[in-house]
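>>> A predicted structure for the sequence below; I have some questions about it.
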Amino acid sequence: MTMRRSGASAPREWSPLVRCLIELADTPDDAAGVETQLVTVALLTVDRVNAADYASITALRGDGYATVAASSDLARTVDEAQYNSDAGPCLDSVDTGAPIAVPDIGSAMRWPGFREQAFALGLRASLSIPLFAGSGSTLAALNLYGRDHATMGALIKAVLSVFEAQDGNAESGPEVLDDGSRELVIGLTEAHAVRATIQRAIGVTIARENCTAEEGYRLLRARAADTGTTLSRTARGLLAEQR
């Protein structure tokens with residue numbers, strides 16, 4: 001199943017989960033509503049995605065990691081086991097900006113603290129997915145914890161395909177997913193399209209202004225604020241000017 005990316009170029013009747021992921025990717029990192037968006041992503045995911053029995057959001061706060069949203073105390077406990085040992089898939093996802101899949105928690109020897117706590121609580125697979133806002137830098141990780149290998153395995157395959165495909169399309173897996181899992185995959189695909197558009201515009205700004213990537217993002221953000229439009233809409237306008 002190939003998913004056409006919109007880059008948020010036109011309004012669509014997206015589900016709340018898809019819409020939230022798109023809007024997060026189109027929101028400046030320092031916007032007041034980002035924290036609320038992260039909480040919403042976690043709650044919508046655990047509500048809609050059958051494979052995810054529990055969900056949480058890990059983010060860097062100060063000098064350490066923190067759970068900024070959790071669907072249950074169980075998810076928070078598994079997160080804290082990783083923070084206490086300074087090792088685990090949610091930390092690696094935030095640090096590397098890559099999805100970290102654990103299809104068999106019982107075999108996760110590289111993270112003993114996580115393995116022991118998660119397995120003892122009946123969890124059998126997990127997936128940590130990097131999330132980003134307008135700058136494109138990893139902002140947090142969405143952690144999904146499941147009790148069933150098979151359903152989590154199908155979800156892991158589909159999500160990894162979004163990150164692995166060079167063009168950002170998910171080419172395999174969604175056909176066998178439940179509706180909520182499919183929404184998650186579509187939302188991630190569309191969020192990547194938004195990020196790609198913004199990053200291209202930042203590249204144009206860098207070339208025009210002879211500035212750094214960080215300065216290019218700030219200039220684009222300021223332009224969006226001045227015109228009262230979203231980052232992606234501003235980026236598309238800038239790219240149209242370039243053409």
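Happy to help now that I have it.

>>> Ala69: helix or strand, and which one exactly?
Assigned by DSSP states H and E, Ala69 belongs to strand 64-70.

>>> Show me what that strand packs onto, helices and strands only.
With contacts taken as 3 or more CB pairs under 8 Å, 6 or more residues apart in numbering; DSSP states H and E, strand 64-70 sits against helix 34-48, strand 54-61, helix 73-85, helix 89-96. All C-beta atoms are positioned from the backbone trio N, CA, C, and that covers glycine.

>>> one more time with 10 Å, if that's ok
Contact here means 3 or more CB pairs under 10 Å, 6 or more residues apart in numbering; DSSP states H and E; on that basis strand 64-70 packs against helix 34-48, strand 54-61, helix 73-85, helix 89-96, strand 138-146.

>>> Show me which of those has the highest average neighbour count.
Mean neighbours per residue, mean count of other CB atoms under 10 Å, is largest over the helices and strands packed on strand 64-70 for strand 138-146, with a mean of 27.

>>> partners of that strand, with directions?
Using DSSP bridges, the strands paired with strand 138-146 in its sheet are strand 54-61 (antiparallel), strand 125-132 (antiparallel).

>>> Mind checking the ones you listed for the one nearest to Thr229?
When those are compared by CB to CB, strand 125-132 sits nearest Thr229, at 19.6 Å.

>>> Return the residues in contact with the closest residue to Gly88 other than its chain neighbours.
Closest residue to Gly88 in three dimensions, ignoring its sequence neighbours and counting by CB to CB, 6 or more residues apart in numbering: Gln82, at 2.8 Å. Counting by CB atoms under 10 Å, 6 or more residues apart in numbering, Gln82 touches 58, 65, 67, 88-92, 111, 113-114, 117-118, 128, 143.
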